[in-house]
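[1] Let's see this in three dimensions:
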Amino acid sequence: MDYNQLPLFIKESTVFTENEKMKLAQIDRLPTPQEVDDITSLPEIYELLNAFICDQSSRNTHLELKAKEYLQDNQVDMAWKVLLI
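    As a prediction, this is how the structure comes out:
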């Protein structure tokens, strides 16, 4: 993926550094909807989704922060799955 193809919410994110955005752009393919859905039952993801059920903005910010953690561990695929929830 080219940097310019990143979704706008990632390009405009204040959570990610430019290096992290570049790392996200280096993925060969985006996870499938099924792959994204599969991670929603993981305890740390399930907890995040339920903690901010009534506050979409906070939920999105915390999902970006979780994705940032995965990026810092070089788990780019997992970061994308979190971002695409």
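
[2] which residue of the chain sits farthest from its center?
    In the chain, Cys54 marks the outermost C-alpha relative to the chain mean, sitting 19.3 Å out by CA atoms, centre = their mean.

[3] Next one: Tyr3 relative to Ala79, how far apart?
    The spacing between Tyr3 and Ala79, counted by CB to CB, to the nearest Å, is 16 Å. Every residue, glycine included, has its C-beta placed from N, CA and C.

[4] Actually, Glu12.
    Taking CB to CB, one finds Glu12 at 17 Å from Ala79.

[5] and the two? which has more neighbours close in?
    Per other CB atoms under 10 Å, whichever of Glu12 and Ala79 has more neighbours is Ala79, with 25 against 9.

[6] Report the contact partners of that one.
    Ala79 is in contact with 24, 67-68, 70-71, counting by CB atoms under 8 Å, 6 or more residues apart in numbering.

[7] how about those in a markdown table, adding distance to Leu48 and pLDDT?
    Formatted as a markdown table, the contacts of Ala79 follow (distance: CB to CB, whole Å; pLDDT from 0 to 100):
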| residue | distance to Leu48 | pLDDT |
| --- | --- | --- |
| Leu24 | 19 | 97 |
| Ala67 | 11 | 98 |
| Lys68 | 13 | 98 |
| Tyr70 | 12 | 98 |
| Leu71 | 16 | 97 |
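
[8] among the residues you listed, who's most crowded?
    Ala67 (26 neighbours).

[9] Strands along the chain, start to end?
    In the chain, no strands are defined using DSSP state E.

[10] and the worst-scoring helix or strand of it on mean pLDDT, what does it pack onto?
    Every helix and strand of the chain was ranked by mean pLDDT, DSSP states H and E. The lowest is helix 43-51, at a mean of 92. The helices and strands touching helix 43-51, judged by 3 or more CB pairs under 8 Å, 6 or more residues apart in numbering; DSSP states H and E, are helix 56-72.

[11] I'm done for today, thanks for sticking with me.
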